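Novice: Pasting the sequence and the predicted coordinates here, then a few questions.
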Amino acid sequence: MSFTKVKDLIKKPLITIDKSCTIREAINVMARENIGFLVITDRNELFGVISERDIIKALAKGIDINESIEKIAIRNVITIKDSEPLWYAAKLMSQYKIRHLVIVSSENKPIGAISVRDILDYERLLKFLAETPI
């Protein structure tokens, strides 16, 4: 039996931001790219992640948006290998109560991200196709 791999759901190139950038720069990237999650890198290596929720929490605490993104980065990043089956991504998200996973290559380089919405959209598509008469 063949399972859909997480790499099959990568829709576009991964958008990253360097850890030296400011929170303001992260907000601008998110707004420009219409995304709510960013992978933070340090010399092209995975450093952390940041989401819209993380930024809102930081602002609520009074952290200045001109501070380094490094100050509010989530460092304990849950990753998934690109060759893993999609069901395993859903299991990890449920287990860790997270909405995003960073997809890494066999060399542990970040190559994409997957969200709960990506999984739900894929599931809905499969259900539609299964129910559509030929």
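Specialist: Yep, that arrived.
Novice: Centre of the chain to stretch 14-28, how far?
Specialist: 14 Å (Cα atoms, centre = their mean, to the nearest Å).
Novice: mind checking the end-to-end distance for that stretch?
Specialist: 16 Å (Cα to Cα, to the nearest Å).
Novice: average pLDDT for it?
Specialist: Averaging pLDDT along stretch 14-28 gives 97.
Novice: Then stretch 69-79?
Specialist: Mean predicted confidence for stretch 69-79 is 96.
Novice: Please tell me how far the residue most central in space within the chain sits from residue 11.
Specialist: Nearest to the mean C-alpha position of the chain, by Cα atoms, centre = their mean, lies residue 113 at 3.8 Å. According to Cβ to Cβ, to the nearest Å, residue 113 and residue 11 sit 10 Å apart. All C-beta atoms are positioned from the backbone trio N, CA, C, and that covers glycine.
Novice: Over to residue 70?
Specialist: 28 Å.
Novice: So for those two, which sits in the more crowded spot?
Specialist: residue 70 (18 against 9; other Cβ atoms under 10 Å).
Novice: The closest residue to the more buried one other than its chain neighbours - how many residues pack around it?
Specialist: Nearest non-adjacent residue to residue 70, counting by Cβ to Cβ, 6 or more residues apart in numbering: residue 19, 4.5 Å away. By the criterion of other Cβ under 10 Å, residue 19 has 17 neighbours.
Novice: likewise residue 64?
Specialist: Other residues close to residue 64 by other Cβ under 10 Å number 11.
Novice: now residue 116
Specialist: When neighbours are counted by other Cβ under 10 Å, residue 116 registers 15.
Novice: Would you confirm that residue 14 contacts residue 113?
Specialist: Yes - between residue 14 and residue 113 there is a contact at 6.3 Å, judged by Cβ atoms under 8 Å.
Novice: Find residues that contact each of those two.
Specialist: 39, 103 (Cβ atoms under 8 Å, 6 or more residues apart in numbering).
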